[in-house]
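In: sharing a model prediction with you, sequence too.
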Amino acid sequence: MNVIELRGIGKTFTDRDEPTVALQDINLTIQTGEFVAIIGPSGSGKSTLMNILGLLDVPSEGDFLLDGDAVTNFSDRQLSKLRREKIGFVFQSFNLLPRLSVVQNVELPLVYAGMRGRDRRERALELLKLVGLEERAGYKPNQISGGQTQRVAIARALANEPSLILADEPTGNLDTKSSTAIIDELRRLNRVTHATIIIVTHNPEIAEQTDRVITVRDGRIGSDSATHHHAPKPAAKRPVTRRVTVNGVKSRKAG
Amino acid sequence: MLLWENLKMALVSLRNAKLRSFLTMLGIIIGVAAVVSILAIGAGVKKAVQDQITGVVNANSIAIASGKVGPQAGKNGQNPGASAAGASTLTLKDVDALKTVDNINAVAPIGLISGIVANGSTTAGGALLLATSPEYSKTQTLKYDAGRFFNATETKKNVVVLGGKAKESLFGTKEAVGQTVTIRGQKFEVIGALKPSDASASALAGPSFDDAVYIPFDTAAKLTGGTAQVLRIIAQVEDGADVNTTADRAREALLASHGGQDDFSVLTQKDILSTVDTILNLLTTFIVAIASISLLVGGIGIMNIMLVSVTERTREIGLRKAVGASSTTVLMQFLIEALVISIIGGALGIGAAMLMATAAGRLAKIEPVFTPEAILLAVGVSAAVGIIFGIAPAIKAARKRPIQALKAV
């Protein structure tokens, strides 16, 4: 069962001086319950891809089927419904509301899902317990450490029991110990709840801990360990030196 | 349900930014306070003047004045100033003519004399010396502290009835009836003293009849060495009769008495009230217009703060959308925040207005009147201002795609 199907997805940013092509010709299929890492250098378009997958942005071209629905044509109302029911997004920079307490932050998706106050509080505290932060429930985001903030963000992403969890560089600003803890937690979620989990990272060590690694380069998919597909390397732009033999003499010639 | 949650979120947001919320509100508070207090003082002045008038010219009264005054001012080319202050066109003959009109059961002339009323060395400051006939007591509801009005046998005698304030000035708390006062040097016997009335003198309405001192008309003529002028005639219409019809008949009677010259005004209480109304309304409108400028400035202040606030909170908007809020929900939140600020600001403004108006009123001896219309107007306008200026930037932000909003600095 394909939870995600991307066909010919492209994204061009026109709000700058020159149009910038961030993604082009993306074709991708991800099945329910997969644990995937998307890896690529800075500026490769991986975050843009993630934003499209998380319905935070719309593609300039192509089709996106989420659980079989063509979401590229969805209205704002339909999209927001999907965001709160199906998707849990962990952002790169933690994006907690600074004026709300930790537990109020975790409750936020539940507010928009229409859950009642008491039930909400109960569930939010459960989630904080899951990530080991129930004692910080009343703290403000500026009163806890970076690693703790990230765990709160994860707790919030899980609030509505999403079937698709997207994490954009979840361990980017963390130390090794915290990073490992988070990846372990995500894997555990994947195994236990069969949620589809996609992580974006630039760190190959993190990527290795997942089941499938997709590389993104220059706005295209470079390789996909699921299909063992390797895209042909783009044409070389720099002159290549070749060894040539001319008249029995070995020398180098620019070609 | 979500509305309730939005309201709670709005209150939390406002509480978390107390200083900014208060500064935003300040514009509305000042604007509403200014407008409401001015309207209240204006209404208070109007009421004070109206009470003055209805105290003398009750609903069943007709007042006749010389020349063209009040609603008819300037008619027939008669100069309103001269009509009001010049030598009167009314005579005692007119009083007799009016007595014959159907449904009129009392007619009294009123003349104004200048002079000093004194008890020994104590003078009644600001006392209004009125010359009238015994029938005057039938045209008014006079409340007596002691004694009575003069009767038909005393029309040429030196008798005087003191108004409440005059009695106090001259005799304090002592008995006045039976005592002697001097008016223009001549001795007069006090035969009656009235209770002080509620209608107090004010800078606007002029001296009240509480300050008055009443002597018989013919006696006054003697004092002034000639026939005293009939400044006004007051006539009382029978209960149940139509005042307007009677006023028309009075007009006809006076026309006849004046040989066809329409050089007088016949005024009912309504006529007098409407003149006062017009003048005071004009004044109030003018001042409110000026005060409304402050409301406008308040609105601009709100707009600035809202713009800053929304720009700062664009990221927040993006985040809320990312966790499942729809654009409508986000807009509702900002709308409610703007409304809450406006309503709280409006309420505080009204409170401030009540304090200010009461204080000002105490200084000017006017009781402010707070009408529901004024309050509704002020709150309505401030709410509208808050919403309009607060929503426009929020709409812009709510339309952005979540990632665009999140990327905003």
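Out: Received, thanks.

In: quick one: whichever residue of chain A sits closest to chain B from B:Phe188, how far?
Out: Nearest residue of chain A to chain B (Cβ to the nearest Cβ) works out as A:Arg84 at 2.3 Å. Where C-beta positions appear, they are placed from N, C-alpha and C, glycine not excepted. According to Cβ to Cβ, to the nearest Å, A:Arg84 and B:Phe188 sit 93 Å apart.

In: the two: who's more crowded?
Out: A:Arg84 (25 against 22; other Cβ atoms under 10 Å in any protein chain shown).

In: OK, contacts around that one?
Out: A:Pro109, A:Tyr112, A:Ala113, A:Asn160, B:Val323, B:Gly324, B:Ala325 (Cβ atoms under 8 Å, 6 or more residues apart in numbering or on different chains).

In: over to it: give its phi and psi.
Out: Torsion angles at A:Arg84 (phi, psi; degrees, to the nearest 10) stand at phi -90, psi -20.

In: which non-adjacent residue is nearest it?
Out: Among residues not flanking A:Arg84 along the chain, B:Gly324 sits closest, at 2.3 Å (Cβ to Cβ, 6 or more residues apart in numbering or on different chains).

In: isn't the one you found right up against A:Leu110?
Out: No. Contact between B:Gly324 and A:Leu110 fails when scored by Cβ atoms under 8 Å: they sit 9.2 Å apart.

In: overlap in contacts of these two?
Out: Common neighbours of B:Gly324 and A:Leu110 (Cβ under 8 Å, 6+ apart) are A:Asn160.

In: which secondary structure state does B:Ala383 sit in?
Out: helix (DSSP: H, G, I helix; E, B strand; the rest coil).

In: and it, how far is that from chain A?
Out: 25 Å (Cβ to the nearest Cβ, to the nearest Å).

In: and that residue, how many neighbours?
Out: The tally of other residues near B:Ala383 (other Cβ under 10 Å) stands at 18.

In: excluding chain neighbours, what is closest to it?
Out: B:Ser342 (4.4 Å).

In: any idea how far that neighbour is from B:Ala392?
Out: B:Ser342 is 15 Å from B:Ala392, by Cβ to Cβ.

In: of the two, which one has the most company?
Out: When B:Ser342 and B:Ala392 are compared for neighbours, B:Ser342 comes out ahead with 27 against 13, by other Cβ under 10 Å.

In: specify the local secondary structure of that one.
Out: Classified using three-state DSSP, B:Ser342 is helix.

In: same deal with A:Glu5?
Out: strand.

In: what's the burial count for the closest residue to A:Thr171 other than its chain neighbours?
Out: Nearest residue to A:Thr171 in three dimensions, chain neighbours excluded: A:Ser179, at 3.7 Å (Cβ to Cβ, 6+ apart). Using other Cβ under 10 Å, A:Ser179 has 21 neighbouring residues.

In: so, low pLDDT: which residues of chain A?
Out: Counting by pLDDT under 70, the low-confidence segments of chain A come to A:94, A:227-255.

In: pick out the residue of the stretch 201-350 of chain B closest to chain A.
Out: B:Gly324 (2.3 Å).

In: ok, that residue - contacts?
Out: B:Gly324 neighbours (Cβ under 8 Å, 6+ apart): A:Ser80, A:Lys81, A:Arg83, A:Arg84, A:Glu85, A:Pro109, A:Tyr112, A:Ala113, A:Asn160.

In: show me the strands in the chain, by range?
Out: The chain I'm using is chain A. A:2-13, A:20-31, A:35-39, A:61-66, A:69-70, A:87-90, A:164-168, A:196-201, A:212-217, A:220-224, A:229-230, A:241-246, A:249-254 (DSSP state E).

In: chain B was what I was after
Out: Using DSSP E, strands in chain B cover B:61-66, B:104-113, B:117-119, B:122-123, B:128-132, B:144-147, B:159-162, B:180-183, B:186-194, B:212-216, B:232-237, B:264-268.

In: the longest one pairs with which strands?
Out: Partners of strand B:104-113 in the sheet, by DSSP bridges, are strand B:128-132 (antiparallel), strand B:232-237 (antiparallel).

In: chain center to stretch A:56-68: distance?
Out: In this view, stretch A:56-68 has its centroid 15 Å away from the chain centroid, taken as Cα atoms, centre = their mean, to the nearest Å.

In: then stretch B:61-68?
Out: Worked out by Cα atoms, centre = their mean, stretch B:61-68 lies 22 Å from the chain centre.

In: what residues does that stretch touch?
Out: Here stretch B:61-68 has contacts from B:57, B:74-76, B:78-80, B:82-84, B:86-90, B:94, B:98, B:104, B:139, B:230-237, B:243, B:246-247, B:250, B:254, B:263-269, B:272, using Cβ under 8 Å, 6+ apart.

In: returning to that earlier point: how about the residue nearest to A:Arg84, phi and psi?
Out: Dihedral angles for B:Gly324 - degrees, to the nearest 10 - are phi 120, psi 0.

In: ok, now how distant is it from A:Ser80?
Out: B:Gly324 is 6 Å from A:Ser80, by Cβ to Cβ.

In: just give me the residue right at the centre of chain B.
Out: In chain B, the residue lying closest to the centroid (Cα atoms, centre = their mean) is B:Lys46, at 1.1 Å.

In: residues touching that one, list them.
Out: So B:Lys46 contacts B:Val276, B:Asp277, B:Leu280, B:Asn281, B:Thr284, B:Val369 (Cβ under 8 Å, 6+ apart).

In: rerun at 6 Å
Out: Contacts for B:Lys46 (Cβ atoms under 6 Å, 6 or more residues apart in numbering or on different chains) come out as B:Leu280.

In: from the contacts of B:Gly324, pick the one nearest B:Glu135.
Out: Relative to B:Glu135, the closest of the contacts of B:Gly324 is A:Tyr112; by Cβ to Cβ it sits at 81.7 Å.

In: could you check the pLDDT of the closest residue to the closest one other than its chain neighbours?
Out: Leaving aside its chain neighbours, A:Tyr112 sits nearest to B:Gly324 (4.1 Å; criterion: Cβ to Cβ, 6+ apart). According to the prediction, B:Gly324 has pLDDT 89.

In: mind checking how far A:Val216 is from B:Gln404?
Out: In terms of Cβ to Cβ, A:Val216 sits 21 Å off from B:Gln404.

In: now do B:Gly259
Out: Applying Cβ to Cβ, the value for B:Gly259 to B:Gln404 is 90 Å.

In: who's in contact with B:Ser21?
Out: Contacts of B:Ser21 (Cβ under 6 Å, 6+ apart): B:Leu14.

In: spell out which residues of the stretch 1-150 of chain B are next to chain A.
Out: Proximity of the stretch 1-150 of chain B to chain A is confined to B:Glu5, B:Asn16 under the rule Cβ under 6 Å from any Cβ of the partner chain.

In: which single residue in the stretch 1-150 of chain B comes nearest to chain A?
Out: B:Asn16 (4.4 Å).

In: ok, B:Lys156 touching B:Asp218?
Out: Yes. Shown here, B:Lys156 and B:Asp218 form a contact pair, counting by Cβ atoms under 6 Å, at 4.8 Å.
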